[in-house]
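S.K.: let me see the structure of the following:
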Amino acid sequence: MANAFSERVTRLNSQAGKTYQEMAHDCDFKRSVTWWNKVRWNEIENPPEPGLFPYLAKALEVPQRRVAEMVAEQWCGVRPDDTVPERLRTLLSVLREVDETDLPVMFQMAMAMFDKRGIRLWRDQLSAELLRAYIEGSEGPLTAEQLRYLRPPELYAIKKDPSVKVDPDAQAKLDALSDPGDG
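M.R.: Below is the predicted model:
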C-alpha cells in the first residue's frame, strides 16, 4: 500500500512550497511541526485520531473524507476505491459532496476540459508538422524575422534541434529563451 498521507505532505511541501510550520498552523497546532516532518518521512507509526481530521483536512487542503481515505490507506492498508487513480481521489471526494442538481454542470465542465486537452494535443501535432515543413521549405538558415512568427513551443524545439540551421541573430534570440522548466 502506498503512503498516501505522507505523499500528500511531501507534495505540498516540495511542489507547492508549503512548510511544516504552515501545516502546523493550518491545523491549529493540533499537530506539531516535528510531527509533520516525521509524517513526511514515514516515521509516524500510529494514525491520527478521527477527531483531528477536520484540522488535518485544512492543513492538507483536501476534504475530510479524503483525510480519512489517506489515513485508511497509509496506516490500515485499505484503499477506498482501487479503480480511481491517485491524482483523481481528492477531486472525487469533493465531487461526492456536490449537490445532485449541480452534477450536469460538473459534467459539462469536465467535458470542456477533456475537449480542451484533445484540442491542445491536436494543435501540438499540427504545430510540429507545420514547423518541420517550415524548416524544410526555408532557403538557407532561419532568420530572426522568421522566428518572430513562432510560438514558444516551436522556438524551444528549434533551440534543442542541432540539425536546424539559424543565422546569428536568430541564434541570439534562441539563446535568450529560458528553458520551459525554469519558469
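S.K.: so in the chain, which helix runs the longest?
M.R.: Of all the elements of type helix in the chain, the one with the most residues (DSSP state H) is helix 103-136.
S.K.: for the next helix or strand after that helix, buried residues please.
M.R.: Beyond helix 103-136 in the direction of the C-terminus, DSSP states H and E gives the next helix or strand as helix 144-147. In terms of neighbour count (16 or more other C-beta atoms under 10 Å), helix 144-147 has its buried residues at Gln146, Leu147. Just so you know, the C-beta spots here come from the backbone N, C-alpha and C atoms, and that holds for glycine as well.
S.K.: what packs against helix 144-147?
M.R.: When contacts are defined as 3 or more C-beta pairs under 8 Å, 6 or more residues apart in numbering; DSSP states H and E, helix 144-147 packs onto helix 168-176.
S.K.: what's the helix it packs on in contact with?
M.R.: Applying C-beta atoms under 8 Å, 6 or more residues apart in numbering, the contact partners of helix 168-176 are Pro141, Leu142, Thr143, Ala144, Gln146, Leu147, Leu155, Ile158, Lys159, Val166.
S.K.: run the last query once more with 7 Å
M.R.: Counting contacts by C-beta atoms under 7 Å, 6 or more residues apart in numbering, the residues outside helix 168-176 that touch it are Leu142, Thr143, Ala144, Leu147, Leu155, Ile158, Lys159, Val166.
S.K.: for stretch 13-29, same thing?
M.R.: Counting by C-beta under 7 Å, 6+ apart, stretch 13-29 makes contact with Leu12, Arg31, Ser32, Val33, Trp36, Asn37, Arg40, Tyr55, Leu56, Lys58, Ala59, all of which sit outside it.
S.K.: got a quick PyMOL command for the buried subset of these?
M.R.: Buried residues within the contacts of stretch 13-29, as defined by 16+ other C-beta under 10 Å, are selected in PyMOL through the command that follows:
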select buried, resi 12+31+36+37+40+55+56+58+59
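S.K.: show me which pair in the contacts of stretch 13-29 is furthest apart.
M.R.: The widest separation within the contacts of stretch 13-29, taken as C-beta to C-beta, falls between Asn37 and Lys58 and amounts to 18.3 Å.
S.K.: what about Val166, how many residues close to it?
M.R.: One way to gauge burial is a neighbour count; for Val166, by other C-beta atoms under 10 Å, it gives 22.
S.K.: ramachandran angles for it?
M.R.: phi -130, psi 150 (degrees, to the nearest 10).
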